[in-house]
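Enquirer: here are the coordinates; sequence isn't available:
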Ligand SMILES: Nc1ncnc2c1ncn2[C@@H]1O[C@H](COP(=O)(O)OP(=O)(O)OP(=O)(O)O)[C@@H](O)[C@H]1O
Ligand SMILES: O=P(O)(O)OC[C@H]1O[C@H](OP(=O)(O)OP(=O)(O)O)[C@H](O)[C@@H]1O
């Protein structure tokens, strides 16, 4: 929203409605769509929207080839592996990793047969506490969530920040929207 304000685009009155998922703006060629993080890359790649703002963790996990030229440098955290500090019970054959980022973690750990993935959508720490996994792969910021569950961060796999992702063909299809977007990208890169 700040980037939009920087290029003179504001939410219109109609865009201020409570629980609105599509916010109209003062520019006829720009609207803001509110989507779940894990849906954004696919929606941008398919060209339903020109651009998206999304965490780098989600971009990695999508494994989709979408241009991501600007790192906004905000919402910084990291994708890490964590273990129980005490009473770890190891499964004899496979190391089970509870995560909502199985694709990204597979790349970091290599495609090893000795690692199995327990795909969860949240609350990964609970998987260790109930014996469903030995390792958690999740984003960590302050570390307080891990500490609250008696877990220790054992490996930092990747830094994460919010990024702008773009549809590769949009400049040809929606020239006016692209001009606003180009101005926003210029502004973002000038101030970051
Ligand atoms: N503790 C945190 N510190 C910094 N950034 C975070 C933190 N938690 C999440 N993020 C960033 O914010 C993004 C959205 O996180 P959030 O937890 O709101 O969504 P989610 O729970 O992954 O998705 P959904 O709510 O759609 O299921 C993440 O992809 C990450 O990039
Ligand atoms: O290191 P910390 O500062 O404690 O942050 C890490 C927590 O933040 C994220 O959860 P979020 O609050 O986004 O909720 P979620 O579990 O629904 O994704 C992540 O899944 C951790 O649980």
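Expert: Structure received. All of these numbers come straight from a predicted model, not from anything done at the bench. Ligands and ions are numbered 1, 2, ... in the order given.

Enquirer: Only C-alpha atoms from now on, for both contacts and neighbour counts.
Expert: Will do.

Enquirer: got the buried residues for the one helix or strand residue 107 maps to?
Expert: Element membership of residue 107, judged by DSSP states H and E, is helix 102-109. Across helix 102-109, burial judged by 16 or more other Cα atoms under 10 Å covers 102, 104-106.

Enquirer: and if you look at stretch 153-171?
Expert: 153, 157-158, 160-168, 170-171.

Enquirer: Show me which of those is closest to residue 184.
Expert: The closest of the buried residues of stretch 153-171 to residue 184 turns out to be residue 164 (Cα to Cα; 10.3 Å).

Enquirer: Tell me which other helices or strands the helix or strand hosting that closest one touches.
Expert: Following DSSP H and E, one finds residue 164 within strand 162-166. Contacts defined by 3 or more Cα pairs under 8 Å, 6 or more residues apart in numbering; DSSP states H and E place strand 162-166 against helix 37-45, strand 51-55, strand 70-71.

Enquirer: Also near ligand 1: which of the buried residues of stretch 153-171, exactly?
Expert: residue 162 (Cα under 6 Å from any ligand atom).

Enquirer: what's the average pLDDT for the helix or strand hosting residue 187?
Expert: Assigned by DSSP H and E, residue 187 belongs to helix 175-191. On average, the pLDDT along helix 175-191 is 75.

Enquirer: before we move on, what about stretch 149-163?
Expert: Mean predicted confidence for stretch 149-163 is 96.

Enquirer: anything in that stretch sitting right up against ligand 2?
Expert: No: looking at stretch 149-163 against ligand 2 by Cα under 6 Å from any ligand atom, there are no contacts, and the closest approach is 9.8 Å.

Enquirer: what about that stretch, distance to the chain center?
Expert: 13 Å (Cα atoms, centre = their mean, to the nearest Å).

Enquirer: cool, and stretch 23-37?
Expert: 19 Å.

Enquirer: Mind listing what's buried along it?
Expert: For stretch 23-37, by 16+ other Cα under 10 Å, it's 23-25, 30-32.

Enquirer: okay, how far is it across that stretch, tip to tip?
Expert: 17 Å (Cα to Cα, to the nearest Å).

Enquirer: contacting residues around it?
Expert: Residues outside stretch 23-37 that contact it (Cα atoms under 8 Å, 6 or more residues apart in numbering) are 9-12, 14-16, 21-22, 54-55, 58, 176-177, 180.
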